[in-house]
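Asks: sequence unknown, structure follows:
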């Protein structure tokens, strides 16, 4: 019988969608990845202060940003 | 040491360290309302949801209406700050900070509404322990978490340069803890070229990412409703309808908050009439789009004539929910009128007796009083001596007399609107405030009209009613007071206008003013050399 649920791939999808707790793990992962990206970005911006540049600016202009 | 323009220091930094009696009185009033809300919440926690008007089948009421409304207004921050940043719109600069703050606080208070609605907040943990990927509720939690984190990040990175400015221009007599706070939060910001480049890249990437995240949150919230088979919700249009309503209400609330900040902080130099015009036209576009979607949403119900769906529609049009439905429509019509029609008013018409504000005020008062006396909400179904329970719910179709009276009242409202046109044209800010108040209240009613009529007309049950209790109204007041309180405290700690963005805009405007733009080349054809004139033949 060619029933989709005989296929292990569809069985895996069924397990993924219906198993209690998987959703919570997914939300946790999304939160963790988001926070990691934001923390890394902040660290990267803060590290920019270490560049060997004397001049500082209170605001940018397109010229400063090479636009 | 980052230097700041003396005007910016006087108008944006110095007020952060001064607090007059007005500030403390506002804080005290808000704390009293929040305290009352907290007390009523504890009472609800102790005695359970029986203290509310919620019951089966209406298990979603004011809390969910607030949730969807607040999720909606949070869209404004995303749109104004991110979309206008990406498209390089210059008038966005003074309002981006307010817009981003509306998003963050709107989402925080929206999250609280879910906890209030749950009755038992400890059950929130079950969502994570036993949550399944197939559940739209879980998608909403995921979407809300992602959006709130992204919004907080967007607010923080745009605040970084201002934190550096605050740290370097800190008043000598300022409290030490605030200096320490700014120093920590500034993350060692120097403002060198490399830092500005990196910040620009991160802001651009965040702006690109946050728009789809925002749209996803508003559509996923609609899926909580539309993936069910409840009458009136099982619709494909609900997702875009939510997004349109979200942008509409968000822009209106943003406008009101900007006006409030302008008055409180005296920011007329930064918040100019150009901005009112920009936001005003934005509201007009959203208003037209909202009307179209509302019409489409109800058209499908009318055309379908489904046995389960039609009572929901009838209840809105002339039944138990008619007051909120027509209230919403009326407020939106007033908002549209106030925004559009003054543009067509000629100054030469001002002396005509029909365009006097006093006439507008009188006719508006008469029409409101007539409406209140003739159509007391909820009274109509009981006037009918009916045995059919369905008729008791939705009432009878309006009689010709009732329709005639409605037309007379509508005529009075129309006269009031026409009489007010001259005044509205002379006071564009007041006109936009009136329109924004109408839109904010109208959109709250719209959320009510989506949730409550459907909940009151589920499958298998003919109809049920829902009346919010004092507990729910108290928590509503407490929630909005908390929103205002967070807003007030935040702008006592940080500048309400982004200092670096407005300075950049000022420099760009000055540079553009130096450029002399030539007249366009004329396309009129040159005069013909061969001209035939009389007498030369």
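Replies: Great, that's in hand. The shown structure was predicted, so the numbers you read here are calculated from the model rather than taken from an experiment. Numbering: from 1, shown residues only, chains lettered A, B, ... in the order given.
Asks: Smallest gap between chain B and chain A, at which residue?
Replies: Here the residue of chain B nearest chain A is residue B:131; by Cβ to the nearest Cβ that distance is 3.1 Å. Using the backbone N, CA and C atoms, a C-beta is placed for each residue, glycine as well.
Asks: residues from the stretch 151-300 of chain B in reach of chain A?
Replies: Within reach of chain A by Cβ under 8 Å from any Cβ of the partner chain, the stretch 151-300 of chain B has these residues: B:153, B:156-157, B:160-161, B:164-165, B:187-200, B:202.
Asks: one more time with 6 Å
Replies: For the stretch 151-300 of chain B, the residues found near chain A under the criterion Cβ under 6 Å from any Cβ of the partner chain are B:153, B:165, B:187-188, B:190-196, B:198-200, B:202.
Asks: Between these, which sits nearest residue B:404?
Replies: Among these, residue B:153 lies closest to residue B:404 (Cβ to Cβ), at 58.0 Å.
Asks: Excluding residues flanking it in the chain, which one is nearest residue 5?
Replies: I'll assume chain A. Leaving aside its chain neighbours, residue A:5 sits nearest to residue A:11 (6.4 Å; criterion: Cβ to Cβ, 6 or more residues apart in numbering or on different chains).
Asks: The intended chain is chain B.
Replies: Nearest residue to residue B:5, sequence neighbours excluded (Cβ to Cβ, 6+ apart): residue B:503, at 6.3 Å.
Asks: So which residues of chain A form helices?
Replies: With DSSP state H, the ranges of helices along chain A come out as A:8-18, A:22-47.
Asks: rewinding a little: can you pull the contacts of the closest residue to the residue of chain B closest to chain A other than its chain neighbours?
Replies: Leaving aside its sequence neighbours, residue B:131 sits nearest to residue A:23 (Cβ to Cβ, 6+ apart; 3.1 Å). Counting by Cβ atoms under 6 Å, 6 or more residues apart in numbering or on different chains, residue A:23 touches B:131-133, B:138.
Asks: So residue B:231: helix, strand or coil?
Replies: Following DSSP: H, G, I helix; E, B strand; the rest coil, we place residue B:231 in the coil state.
Asks: Can you give me the neighbour number for it?
Replies: Summarising burial for residue B:231: neighbours were counted as other Cβ atoms under 10 Å in any protein chain shown, giving 20.
Asks: Isn't it up against residue B:312?
Replies: Yes - between residue B:231 and residue B:312 there is a contact at 5.0 Å, judged by Cβ atoms under 6 Å.
Asks: who touches both of those two?
Replies: Taking Cβ under 6 Å, 6+ apart as the contact rule, the neighbours common to residue B:231 and residue B:312 are B:454, B:457.
Asks: rewinding a little: just the buried subset of the contacts of residue A:23, please.
Replies: Taking 16 or more other Cβ atoms under 10 Å in any protein chain shown as the criterion, what is buried in the contacts of residue A:23 is B:131-133, B:138.
Asks: What is the nearest of these to residue B:16?
Replies: The closest of these, once distances to residue B:16 are taken by Cβ to Cβ, is residue B:138, at 41.1 Å.
Asks: And the pLDDT for the closest one?
Replies: Among the per-residue scores, residue B:138 holds a pLDDT of 89.
Asks: dump the residue contacts of residue B:421.
Replies: Taking Cβ under 6 Å, 6+ apart, we find residue B:421 in contact with B:341-342, B:345.
Asks: and those near chain A, which?
Replies: Among these, none lies close to chain A by the criterion of Cβ under 6 Å from any Cβ.
Asks: what does the domain assignment say about chain B?
Replies: Structural domains assigned to chain B are B:6-308+B:457-505, B:321-443, following automatic domain parsing.
Asks: closest one to residue B:512 among these?
Replies: domain B:6-308+B:457-505 (9.3 Å).
Asks: Number of residues surrounding residue B:478?
Replies: Number of residues near residue B:478 (other Cβ under 10 Å) recorded here: 24.
Asks: count of neighbours near residue 15?
Replies: No chain was given, so I picked chain A. Other residues lying near residue A:15 total 10 when counted by other Cβ under 10 Å.
Asks: please go with chain B instead
Replies: Residue B:15 is flanked by 19 other residues according to other Cβ under 10 Å.
Asks: what pLDDT does it get?
Replies: 89.
Asks: what's it sitting at in phi/psi?
Replies: Torsion angles at residue B:15 (phi, psi; degrees, to the nearest 10) stand at phi -60, psi -20.
Asks: out of everything not next to it in sequence, what's closest to it?
Replies: Distances taken as Cβ to Cβ, 6+ apart put residue B:265 closest to residue B:15, at 5.8 Å, once the chain neighbours are dropped.
Asks: what does chain A put close to chain B?
Replies: Residues of chain A lying near chain B (Cβ under 6 Å from any Cβ): A:17-18, A:20, A:22-24, A:27, A:30-31, A:34, A:38, A:41, A:44-46, A:48-49, A:51, A:53, A:56-61, A:64-65.
Asks: repeat that for 8 Å
Replies: A:16-24, A:26-28, A:30-31, A:34-35, A:38, A:41-42, A:44-46, A:48-49, A:51, A:53, A:55-62, A:64-66.
Asks: Put the buried members of those residues into a PyMOL selection.
Replies: Burial among the residues of chain A next to chain B is assessed by 16+ other Cβ under 10 Å; the matching PyMOL selection reads:
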select buried, chain A and resi 22+23+24+26+27+30+31+34+38+41+42+45+46+48+49+56+57+58+59+60+64
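Asks: Can you check the pLDDT for the residue nearest to residue B:495 when sequence neighbours are not counted?
Replies: Excluding the flanking residues, the one nearest residue B:495 by Cβ to Cβ, 6+ apart is residue B:12, at 4.5 Å. Model confidence at residue B:12, given as pLDDT, is 89.
Asks: which ones are touching residue B:12?
Replies: Going by Cβ atoms under 8 Å, 6 or more residues apart in numbering or on different chains, residue B:12 touches B:265, B:495-497, B:499.
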